[in-house]
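A.B. asks: Please work out how this folds:
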Amino acid sequence: MSPKKKQPPMKIDELAAAAGVPVRTVRYYLARGVLPAPEFRGPHTVYGPEYLARLRAIQKLQEDYLPLDAIAEAVAGRSVDELERLAREGVGRQVLGAPLPGKTSAAASPTPQAPPAPLPPLPPLRTLGG
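C.D. replies: Numbers count the residues shown, from 1 in each chain. Below you'll find the model as predicted:
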């Protein structure tokens with residue numbers, strides 16, 4: 001493994017640009033608790049490399065169709081290395097043990113059931129005036 005280049009702290013607009021998301025999205029994730037609140041310093045608040053890694057992991061898990069609450073749970077308490085691995089590999093719903101949409105597994109799907117009985121035929125239509 002090559003040594004990692006130390007990334008300087010970023011302001012919110014720089015973080016958003018580096019992650020390829022609008023600043024509004026970063027603020028939304030902060031408000032929802034998907035991103036932890038940084039140490040507040042007013043207009044001088046900065047975000048370290050863990051925020052960029054977390055945003056990239058969030059994006060990858062969204063591509064895997066995880067809901068935001070599940071993503072928040074999946075990224076909570078992870079190290080920067082774990083977040084970067086999540087961002088690369090995107091384990092998606094398998095993080096929580098659920099199958100991806102449209103995919104089934106024997107363990108995840110219930111036993112097949114017989115189709116419901118067909119409905120009885122409709123009575124013939126009556127003619128008007130007759």
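A.B. asks: tell me what the helix ranked longest in the chain is packed against?
C.D. replies: Looking only at the chain and at elements set by DSSP state H, the helix with the highest residue count is helix 49-63. Helices and strands touching helix 49-63, by 3 or more CB pairs under 8 Å, 6 or more residues apart in numbering; DSSP states H and E, are helix 12-19, helix 23-32, helix 68-75, helix 80-89. C-beta coordinates here come from the backbone N, C-alpha and C atoms, glycine included.
A.B. asks: buried set for that helix?
C.D. replies: If you call a residue buried by 16 or more other CB atoms under 10 Å, then helix 49-63 has these buried ones: 49-61.
A.B. asks: Same list (those residues) but as CSV, adding pLDDT and distance to V80.
C.D. replies: Listed next are the buried residues of helix 49-63 as CSV, based on pLDDT from 0 to 100; distance: CB to CB, whole Å:
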residue, pLDDT, distance to V80
P49, 93, 6
E50, 95, 5
Y51, 96, 10
L52, 96, 9
A53, 95, 5
R54, 96, 8
L55, 97, 12
R56, 95, 11
A57, 95, 10
I58, 95, 14
Q59, 94, 16
K60, 93, 15
L61, 92, 16
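A.B. asks: what bits of the chain have low per-residue confidence?
C.D. replies: 1-5, 91-112, 119, 122, 125, 129-130 (pLDDT under 70).
A.B. asks: Try it again at 90.
C.D. replies: 1-8, 39-44, 64-66, 86-130 (pLDDT under 90).
A.B. asks: Tell me which residue is most central in it.
C.D. replies: Q62 (3.3 Å; CA atoms, centre = their mean).
A.B. asks: Make sure that residue is actually in contact with I71.
C.D. replies: Yes - proximity of Q62 to I71 meets the contact threshold set by CB atoms under 8 Å, at 6.7 Å.
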